[in-house]
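Enquirer: Give me a model of this one.
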Amino acid sequence: MERKNAVAVGDLLKEYIRSNNLAKSINTRKVFEAWDEASGAGRYSERKFFRAGKLYVTVSSSVVRSQLQFQKDIILEKINALIQKDELFTREDKDTGAVTELIIK
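Expert: Below is the predicted model:
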């Protein structure tokens, strides 16, 4: 019986994600999770949409929306920091890479 080269589970998982074209959906989900954590407004977020570096979020409370508008730059930095730490986040994808713009409605 011949032994094969050992491969880390994390590397296998990343290869599986790439080979099955799952990167976009996983990246989008990770951005939404990062939004919830960074903003603290997850329960007020009605709709979220992410494409080409732009994160669109519809917030149900006008008071929360107003507060978030003042903190957009800080929230954007926190979101990008959180997704960059995540090992499953695929940075090479041009459509769902880092968040460059935050639009709160």
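Enquirer: Flag the shaky bits of the protein, pLDDT-wise.
Expert: 1, 3, 93-96 (pLDDT under 70).
Enquirer: Longest helix in it, please.
Expert: Assignment by DSSP state H gives helix 23-39 as the longest helix of the chain.
Enquirer: which other residues reach that one?
Expert: For helix 23-39, the external contacting residues (C-beta atoms under 8 Å, 6 or more residues apart in numbering) are 17, 42, 45, 48, 50, 55, 57, 68, 71, 75, 78-79, 82-83, 86, 88-90, 92-93, 95-97, 99. C-betas here are computed from N, CA, C, even on glycine.
Enquirer: Can you select the buried ones from those residues in ChimeraX?
Expert: ChimeraX command restricting those to the buried ones, with burial defined by 16 or more other C-beta atoms under 10 Å:
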select :17,45,50,55,57,68,71,75,78,79,82,83,89,90,96,97,99
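Enquirer: can you tell me which of the contacts of helix 23-39 are in helices?
Expert: Under the assignment DSSP H, the contacts of helix 23-39 contribute 17, 68, 75, 78-79, 82-83 to helices.
Enquirer: Mind picking the two most distant members of these?
Expert: Longest distance between any two of the ones in helices among the contacts of helix 23-39 is 31.0 Å, between Ile17 and Leu68; criterion C-beta to C-beta.
Enquirer: Which members of the contacts of helix 23-39 occur in strands, if any?
Expert: Here DSSP state E is the test, and the contacts of helix 23-39 give 45, 48, 50, 55, 57 as lying in strands.
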